[in-house]
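Asker: Pasted the sequence and its predicted model underneath.
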Amino acid sequence: MQKILILGAKGMLGQELVRVYNDGMYDVTAWDREDIDVTDFDVLHQKINDLWPDVIYNAVAYNAVDACENDDEYIIADQLNGVFPGELAKIAKNLDATLVHYSTDYVFDGERPMYPEGKNPGCCGNGCSGCMYKGPEDTLEYFAYHEGDVPRPISRYGMTKLHGEQAIEKNMNNYYVIRLSKLFGKPATSIAGKKSFFDLMLDLGKKNDEVKAVNGEISKFTYAPDLAYESKRIVDAHLSYGIYHVANEGAATWYDGAVALYELAGLKTRIIPVSSDTFPRLAKRPSSSVLKVTKIPPMRHYRDAL
């Protein structure tokens, strides 16, 4: 029976990973912060080595994007998002285990995607004009980010997540780094768990006649149960190791998501579209960080998931 270790098991994603593996076909160990301090690397090595899992899912993350701009918080964030994944990779490599780690669209800057030399998707390799994107430069497709695009984070949070990607790549080969964006699903049951954008907007919509939502920062929403299912499918299918983009279809702003939510919920609350600077925040966000999903079949539209 295959041994599965899920770290961050009470988070919004972690609890869904536990659920998709809860069919009696796997030996599942689910740890959260009360079970292990992942920053105590001596204990981390010992406990995971004793368990000897075949697959390790890392759903642990520091995700306070704005707080991360503070120097002290950045140190904590980089330890969890950057250094810890590297240690986990060393452990997984030693055990010949597969590591599944989750990253973010915030590793990109929101400008036009940049490809490493010879890595443009669909490129013939000869540098011909046909290797460039077709169509107007202001189309959404033109600005969508492929898995091979060059990361250029513009926030400290994004930097920590990129550090984690790089640390894993440096220390092992048998890994899947899965980038997602705008995660939503059932609230986490962990102490530090957060509600999703949709839960927060639903609460506001029930209490107010009108609410404001940012009509910008376009990307894709990602439904936690769908992400968990796709993660398991990628591992079970033994797809090629590397970076994967996994997000539901339908690029949208926060305002677009709120409109879809209230329509489905039957709320008559007025939604006022506002610019990103309406709500002052310490961290910069990419204006457009749509993840192009190229390595797996398209997932259902986020409205259907919602």
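Answerer: All right, it came through fine.
Asker: need the contact list for residue 43.
Answerer: 36-37 (CB atoms under 8 Å, 6 or more residues apart in numbering). The C-beta positions use only the backbone N, C-alpha and C, and glycine is treated the same way.
Asker: actually residue 144, not the one I wrote
Answerer: Counting by CB under 8 Å, 6+ apart, residue 144 touches 113, 251, 290-292.
Asker: pLDDT score assigned to it?
Answerer: According to the prediction, residue 144 has pLDDT 90.
Asker: still on that earlier bit, if you look at the contacts of residue 144, which of them are in strands?
Answerer: Those of the contacts of residue 144 mapping onto strands are residue 251, per DSSP state E.
Asker: Report the two of the contacts of residue 144 separated the most.
Answerer: Of all pairs drawn from these, the one with the longest distance (CB to CB) is 113 and 251, at 14.1 Å.
Asker: So what does the nearest residue to residue 86 once chain neighbours are set aside look like in phi/psi?
Answerer: Residue nearest to residue 86 in three dimensions, not counting chain neighbours: residue 167, with 3.0 Å by CB to CB, 6 or more residues apart in numbering. Residue 167 adopts backbone torsions of phi -70, psi -40, taken as degrees, to the nearest 10.
Asker: Renumber starting at 42 from here on
Answerer: Okay, residue one is now 42; in that scheme the one you just asked about reads as residue 208.
Asker: I'd say residue 208 and residue 120 touch.
Answerer: No. Taking contact to mean CB atoms under 8 Å, the distance of 11.4 Å between residue 208 and residue 120 leaves them out of contact.
Asker: higher neighbour count, the two?
Answerer: Set side by side, residue 208 and residue 120 show unequal neighbour counts under other CB atoms under 10 Å, the larger going to residue 208 at 21 against 14.
Asker: Out of the contacts of residue 185, which is nearest to residue 224?
Answerer: Each of the contacts of residue 185 was checked against residue 224 using CB to CB; the closest is residue 332, at 12.1 Å.
Asker: Spatially, what comes nearest to the closest one if we skip its sequence neighbours?
Answerer: Residue 332 sits nearest to residue 286 (CB to CB, 6+ apart), 4.1 Å away.
Asker: ok so, going back, any idea how far residue 133 is from the residue nearest to residue 127?
Answerer: 12 Å (CB to CB, to the nearest Å).
Asker: so where do the strands sit in the chain?
Answerer: With strands called from DSSP E, the chain shows them at 44-48, 68-72, 96-99, 139-145, 216-221, 224-225, 251-255, 260-261, 263-264, 283-286, 289-290, 292-293, 311-315, 340-342.
Asker: how about CSV for the ones you listed, with mean pLDDT, mean neighbour count and distance to residue 79 added?
Answerer: As requested, the strands of the chain are arranged in CSV below (pLDDT from 0 to 100; neighbours: other CB atoms under 10 Å; distance: least, CB to CB, whole Å):
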stretch, mean pLDDT, mean neighbour count, distance to residue 79
strand 44-48, 98, 23, 7
strand 68-72, 98, 19, 9
strand 96-99, 98, 25, 9
strand 139-145, 98, 25, 12
strand 216-221, 98, 24, 17
strand 224-225, 98, 21, 20
strand 251-255, 97, 17, 33
strand 260-261, 96, 26, 27
strand 263-264, 98, 26, 23
strand 283-286, 98, 20, 22
strand 289-290, 96, 20, 28
strand 292-293, 94, 21, 33
strand 311-315, 97, 15, 38
strand 340-342, 97, 16, 29
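Asker: so which of those strands comes closest to residue 299?
Answerer: For the strands of the chain, distance to residue 299 was read as CB to CB. The smallest value, 4.2 Å, belongs to strand 251-255.
Asker: What strands line up against that closest one, and which way round?
Answerer: Applying DSSP bridges to the sheet, strand 251-255 is found paired with strand 311-315 (parallel).
Asker: ok, and what's touching the strand it pairs with?
Answerer: For strand 311-315, contacts defined as CB under 8 Å, 6+ apart pick out 250-256, 296, 299-300, 303.
Asker: so how far is residue 284 from the residue nearest to residue 127?
Answerer: 14 Å.
Asker: Please apply the same query to residue 134.
Answerer: From residue 134 over to residue 284 (counting by CB to CB), the distance is 18 Å.
Asker: I'm done for today, thanks for sticking with me.
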